[in-house]
Every structure is written in structure tokens, then in C-alpha cells.
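> any chance you can model this:
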Amino acid sequence: MGDIEAPNSNRPHQNVLLSVLPSKEFASSRKGMLLIAEVALSFISFVCFAASTAAAFVTVPLLEFLAALFLMFAYSTKFNERFKGFLWPLMDFLRCVTASIIFFIISIIAVSKYVDGSSKAAGIFGFIATIVFALDFYLIFNELATFLKQGGGESNEEPSRQQGNTPNENLI
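Numbering: from 1, shown residues only. Below you'll find the model as predicted:
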């Protein structure tokens with residue numbers, strides 16, 4: 001009977017879905033929570049801008065949503081550890097800096113210039129996204145500064161991946 005599916009046919013679909021979602025370990029980490037908040041706030045801001053008269057600003061939340069979604073996927077699947085040629089922390093830092101500045105600017109414009117409710121909501125969610133992106137780039141900056149102060153510029157490992165003492169610390 002070709003129309004009747006086997007009772008266990010849903011299992012492969014569930015496994016595929018679970019492999020795309022971030023792991024519980026990553027989602028409960030500080031970076032995971034920040035990326036999930038960035039994805040959610042960018043998407044909500046995108047929907048609000050799309051429904052408002054300030055639809056000209058819809059591009060910024062969409063691009064930030066896609067960038068945050070890509071980095072969440074890359075960090076949760078450890079994709080960044082396989083491609084060492086990219087400077088992942090620097091790329092993430094620049095993404096957060098530009099996102100916080102641009103979200104702040106378009107949120108001010110959306111709240112002050114447009115009078116409809118969805119523009120105001122997009123502006124409010126944009127301000128919240130500005131705070132989340134700014135917090136993320138502040139934390140990334142502190143990690144990078146600590147990494148460089150420890151003489152990490154001589155190593156190819158990322159700041160959040162280094163563990164233990166370096167051989168030079170044992171000599172002091």
C-alpha cells in the first residue's frame with residue numbers, strides 16, 4: 001500500500017530538524033543567548049518595519065537577521081573551528097558594531113518621523129536590539145582585549161577557545 005506511511009517515518013524528519021537547531025549547551029551559553037536575542041529582535045523589527053509606513057528601513061533588520069542567524073548556525077555547529085582562515089571574532093565584532101549603530105539611527109528616525117503604531121513598535125524593538133548588539137560587541141571587545149594582553153597575537157587560536165597556561169607563564 002503506497003499511500004500508508006510506516007509508523008517510524010517521522011523519526012528521520014525529527015532528527016534532521018534537531019540537527020539544524022542549536023544545541024542546548026550552546027543555547028544556554030552567554031553567546032548563544034545573545035545570538036538568539038539578536039535573531040529574534042531583528043526578525044520582530046523586520047516584521048514591524050514591513051507592516052509600517054517606514055518600509056524603507058526593512059533592509060537593515062533583514063540583513064542583520066540573516067547575519068545573526070548565520071553566525072548562530074556557525075557557532076552552534078562549530079563551523080567556525082573548521083575554517084580558521086576567517087577571523088571569526090573580528091567579523092562578529094564588526095557585525096555587532098555596525099548593527100548597533102544602524103539600528104540606533106533607524107530607530108530614532110522611525111520613532112520621531114513616523115506616526116503609525118508599527119513604526120513606533122519597530123523603533124522600540126530597534127532600540128532593544130541596539131542594546132543587545134552593543135552588549136555583544138562590548139563582551140567581544142573585552143575578550144579580544146584580554147586575548148591580546150596575554151600575548152595571544154602570536155597564536156592562531158581564537159580568544160574563546162584558548163585554555164590553560166601558555167609556556168611563557170610558567171617561566172615567570
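> what's stretch 126-140 in contact with?
30, 34-35, 37-38, 41-42, 45, 61, 64, 89, 92-93, 96-97, 99-100, 103-104, 106-107, 110-111 (CB atoms under 8 Å, 6 or more residues apart in numbering). The C-beta positions use only the backbone N, C-alpha and C, and glycine is treated the same way.
> just the buried residues from these, in ChimeraX please.
Burial among these is assessed by 16 or more other CB atoms under 10 Å; the matching ChimeraX selection reads:
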select :34,35,37,38,41,42,45,61,64,89,92,93,96,97,99,100,103,104,106,107,110,111
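> just the ones of the contacts of stretch 126-140 in helices?
Judged by DSSP state H, helices contain the following of these: 30, 34-35, 37-38, 41-42, 45, 61, 64, 89, 92-93, 96-97, 99-100, 103-104, 106-107, 110-111.
> all helices for this protein, in order.
10-20, 24-27, 30-50, 59-76, 79-82, 88-113, 117-149, 167-171.
> TSV please, covering these and showing mean pLDDT.
TSV is the format used below for those (pLDDT from 0 to 100):
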stretch	mean pLDDT
helix 10-20	60
helix 24-27	82
helix 30-50	94
helix 59-76	91
helix 79-82	83
helix 88-113	93
helix 117-149	92
helix 167-171	44
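> burial count for Ser76?
21 (other CB atoms under 10 Å).
> again, but for Lys24
Neighbour count of Lys24, defined by other CB under 10 Å: 9.
> distance of it relative to Met33?
According to CB to CB, to the nearest Å, Lys24 and Met33 sit 12 Å apart.
> what of Ser45?
18 Å.
> then Leu135?
Counting by CB to CB, the gap from Leu135 to Met33 is 11 Å.
> the two: which has the busier surroundings?
Leu135 (16 against 13).
> what's near enough to touch Lys120?
110-111, 114.
> just give me the neighbour total for Ser112.
Neighbour count for Ser112, taken as other CB under 10 Å: 11.
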